[in-house]
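> sequence isn't available, so here's the structure alone:
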């Protein structure tokens, strides 16, 4: 049984929503960030980057306190309002042929703790603690966890009925993405949505593992301190049908060949792969267990020798795990994928060309491209209680910050 509930969101007033909503902080180039902060006083970036006002880079407790102050200012200036009644918030994102409709809701920390909300990535304790302290200090959460569910016809019909009304928000951002939002206040609709989710055996985290873990940590700390509230028992999520999630691959680039010559390196790879040299046209692999490699100005396709590799579980069948176990760890000597400075990751539609450019410039020695992991593979990993190697998936949609805010 999955537990979700409506909440009273803090959100932008209608005429400023397009100015407030921002992409994830990490997605902005430095020039773009500075331009937005300088020319858009309503951007949510002012809240999460409060030092701009004082021309100072802030960190730690000082930054957290000023984030809270900027948030209060947005409330005081009526840039933000708080809904009078709890609601679910239906949010549609559309660009070109891609369209998705999901639900902003409060999701149960208990469900996460007991494994009803399943994860497929490991988290870092230091990041969990830092973000939990951040949440405790600022008192709100503006970045929802992206969670998937297996849709039912009943829920699909119900949500589509709600979107026949005029949306509260309807705006298009400069990346040509159209955003629409419908608050659902009606008690009968809320009851039906809640009931449908209560019949689901499991939900799956697509993006936001550290946000889930830190919310759980904060709830435990609040209980121990005796100041926990109902708000601590839930965190904000964006619930989306799993069929509407788009998953892309992360490429891997390594700075050196671990002391091997090109010829020695290729001979080592021959143990586990059939190797074919390909024209320099950025060939991407098209099947599972096939890898594209760029080395010394040449592209290669690597085909896994299945006689030389043993599949034992869902994780062992994952291409990112195969690459780690057959090349990155034993040949290139990279044991810690999270912290080794010799490896870097890239994503994007044209990333295989970017990978080539980085290697041609001498920033890296070799690069690998993989086919994207599927939603079914993510579920198999999560159901088995396993975790993927880092940077196994780049998942869309990427959500705007500041559209709905969950106060703790």
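Perfect, thanks for sending it. Note that the structure is a prediction, hence the values are computed from the model and not measured. Numbering: from 1, shown residues only.
> partners of the longest strand anywhere in the chain in the sheet?
Ranked by residue count under DSSP state E, the longest strand found in the chain is strand 98-108. Counting by DSSP bridges, the strands paired with strand 98-108 are strand 4-5 (antiparallel), strand 88-95 (antiparallel), strand 234-241 (antiparallel).
> return the most buried member of those strands.
For these, the largest average neighbour count (mean count of other CB atoms under 10 Å) is found in strand 234-241, namely a mean of 24. For every residue, glycine as well, the C-beta is placed using N, CA and C.
> give me the pLDDT value at residue 58.
For residue 58, the pLDDT comes out at 85.
> Three-state assignment for the residue lying closest to residue 301 once chain neighbours are set aside, please.
In space, and not counting its chain neighbours, residue 301 is closest to residue 276: 4.8 Å by CB to CB, 6 or more residues apart in numbering. With DSSP: H, G, I helix; E, B strand; the rest coil as the basis, residue 276 sits in strand.
> wait, residue 276 sits on residue 299?
No - assessed by CB atoms under 8 Å, residue 276 is found out of contact with residue 299, at 9.5 Å.
> more neighbours: those two, which one.
Set side by side, residue 276 and residue 299 show more neighbours around residue 299, with 21 against 11, by other CB atoms under 10 Å.
> quick one: the more buried one from residue 169, how far?
To residue 169, residue 299 is 45 Å away according to CB to CB, to the nearest Å.
> if we can go back for a sec, next up, the contacts around the residue nearest to residue 301.
300-301, 303 (CB atoms under 8 Å, 6 or more residues apart in numbering).
> of all these, which comes closest to residue 18?
residue 301 (45.0 Å; CB to CB).
> now the residue lying closest to residue 82 once chain neighbours are set aside: phi and psi?
Once flanking residues are discounted, residue 82 sits nearest to residue 10: 4.8 Å by CB to CB, 6+ apart. Dihedral pair for residue 10: phi -90, psi 130, per degrees, to the nearest 10.
> ok, residue 10 - contacts?
If a contact means CB under 8 Å, 6+ apart, then residue 10 has 75, 80-83, 140, 404-407 as its contacts.
> let's see which of the residues you listed end up in strands.
Using DSSP E, the subset of the contacts of residue 10 located in strands is 80-82, 140, 406-407.
> what's the span of stretch 367-385, first residue to last?
Stretch 367-385 has its terminal residues 30 Å apart, counting by CA to CA, to the nearest Å.
> then stretch 390-397?
For stretch 390-397, the end-to-end distance is 19 Å (CA to CA).
> likewise stretch 320-329?
12 Å.
> buried ones in it?
Across stretch 320-329, burial judged by 16 or more other CB atoms under 10 Å covers 320-328.
> one step back: buried stuff in the longest strand of the chain?
If you call a residue buried by 16+ other CB under 10 Å, then strand 98-108 has these buried ones: 100-108.
> next: stretch 141-154.
Neighbour counts over stretch 141-154 (16+ other CB under 10 Å) mark 141-149 as buried.
> quick check: the farthest pair among the residues you listed?
It's 142 and 149 that sit farthest apart of these, by CB to CB, at 22.4 Å.
> contacts only, for residue 205.
Per CB under 8 Å, 6+ apart, neighbours of residue 205: 117-121, 145-147, 212, 382.
> got a markdown table for these, with pLDDT and distance to residue 288 too?
Formatted as a markdown table, the contacts of residue 205 follow (pLDDT from 0 to 100; distance: CB to CB, whole Å):
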| residue | pLDDT | distance to residue 288 |
| --- | --- | --- |
| 117 | 96 | 27 |
| 118 | 95 | 22 |
| 119 | 92 | 23 |
| 120 | 90 | 17 |
| 121 | 84 | 20 |
| 145 | 95 | 28 |
| 146 | 96 | 24 |
| 147 | 97 | 26 |
| 212 | 94 | 28 |
| 382 | 93 | 19 |
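> out of these, which one sits closest to residue 399?
Here the nearest of these to residue 399, counting by CB to CB, is residue 146; it sits at 6.8 Å.
> and the nearest residue to residue 360 once chain neighbours are set aside, how many neighbours?
Among residues not flanking residue 360 along the chain, residue 297 sits closest, at 7.0 Å (CB to CB, 6+ apart). Residue 297: 9 surrounding residues under other CB under 10 Å.
> wait, isn't residue 316 in contact with residue 310?
Yes - Residue 316 is within contact range of residue 310, at 7.2 Å (criterion: CB under 8 Å).
> among these two, which residue is more densely surrounded?
More crowded of residue 316 and residue 310, by other CB under 10 Å: residue 316, with 13 against 7.
> what's the helix or strand hosting residue 17 packed up against?
Per DSSP states H and E, residue 17 falls inside helix 17-20. Counting contacts by 3 or more CB pairs under 8 Å, 6 or more residues apart in numbering; DSSP states H and E, helix 17-20 is packed against strand 10-12, strand 169-172.
> between the ones you listed, which one is nearest to residue 262?
Here strand 169-172 is closest among the helices and strands packed on helix 17-20 (CB to CB), at 49.0 Å.
> who does the closest one pair up with?
Here strand 169-172 has these sheet partners by DSSP bridges: strand 178-184 (antiparallel).
> identify the residues contacting the strand it pairs with?
So strand 178-184 is contacted by 6, 9, 21, 83, 87-95, 162-163, 165, 167-173, 190, 193, 400, 403-404 (CB under 8 Å, 6+ apart).
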